[in-house]
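Chemist: predicted model and sequence follow; I will ask about them next.
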Amino acid sequence: MAKLFSIKEKYSNKIYSKEKLVEFRRQNVNINKGEFCLIYTTSPVKKITGYFIVKEKIRTTIRRLWQITKEFAGISYTEFKEYFNGRKVGTAILFKRTKKFDKSVTLEDLRKECNFIPPQSYYNLTDLLVKLFADVIPPP
């Protein structure tokens with residue numbers, strides 16, 4: 001099952017530059033190794049700008065999560081602590097591969113094709129979105 005993640009521009013840029021090789025989430029994410037995930041870069045960009053393929057998911061204590069990912073997190077320890085403030089455990093999704101699209105798909109274009117609403121965090125792609133991105137989604 002393919003997913004779509006909402007990611008702030010600052011972080012999606014770091015993902016595409018390979019400075020950030022992991023995506024953090026406070027909640028547990030039902031995701032598997034090899035899964036295809038579109039990146040929706042949030043406001044002010046408001047476009048699907050690329051994708052990542054999952055290498056591994058780690059769900060563990062915040063302290064351990066930082067120890068495992070700090071070398072390729074693409075964020076400072078202060079940003080990491082602020083993001084996970086009040087949480088005992090967190091999720092890290094490590095990337096096997098990332099790609100920035102040559103031509104991104106705007107929110108307006110998506111709304112012409114379907115009733116697209118960007119996710120707060122992430123969601124499974126609908127059949128219509130899978131069809132729209134069939135040329136970039138690798139076969140299961």
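Modeler: Arrived safely, thanks for sending.
Chemist: which stretch of helix or strand covers Tyr123?
Modeler: strand 122-124 (DSSP states H and E).
Chemist: please enumerate residues in contact with that strand?
Modeler: Met1, Ala2, Lys3, Leu4, Phe5, Ser6, Arg25, Val29, Cys37 (Cβ atoms under 8 Å, 6 or more residues apart in numbering). Every residue, glycine included, has its C-beta placed from N, CA and C.
Chemist: how does it look with 10 Å?
Modeler: By Cβ atoms under 10 Å, 6 or more residues apart in numbering, the surrounding residues in contact with strand 122-124 are 1-7, 23, 25, 27, 29-31, 37-38, 40, 93, 117, 129-130.
Chemist: grab the longest strand from the chain for me.
Modeler: strand 89-106 (DSSP state E).
Chemist: what about Thr91, distance to Ile75?
Modeler: Using Cβ to Cβ, to the nearest Å, Thr91 is found at 15 Å from Ile75.
Chemist: mind listing what's buried in the helix or strand bottoming out on mean pLDDT in the chain?
Modeler: None of the helices or strands of the chain scores lower by mean pLDDT, DSSP states H and E than helix 127-132, at a mean of 77. Buried residues in helix 127-132, counting neighbours by 16 or more other Cβ atoms under 10 Å, are found at Leu129, Leu132.
Chemist: what is it packed up against?
Modeler: Counting contacts by 3 or more Cβ pairs under 10 Å, 6 or more residues apart in numbering; DSSP states H and E, helix 127-132 is packed against strand 36-41, helix 107-113.
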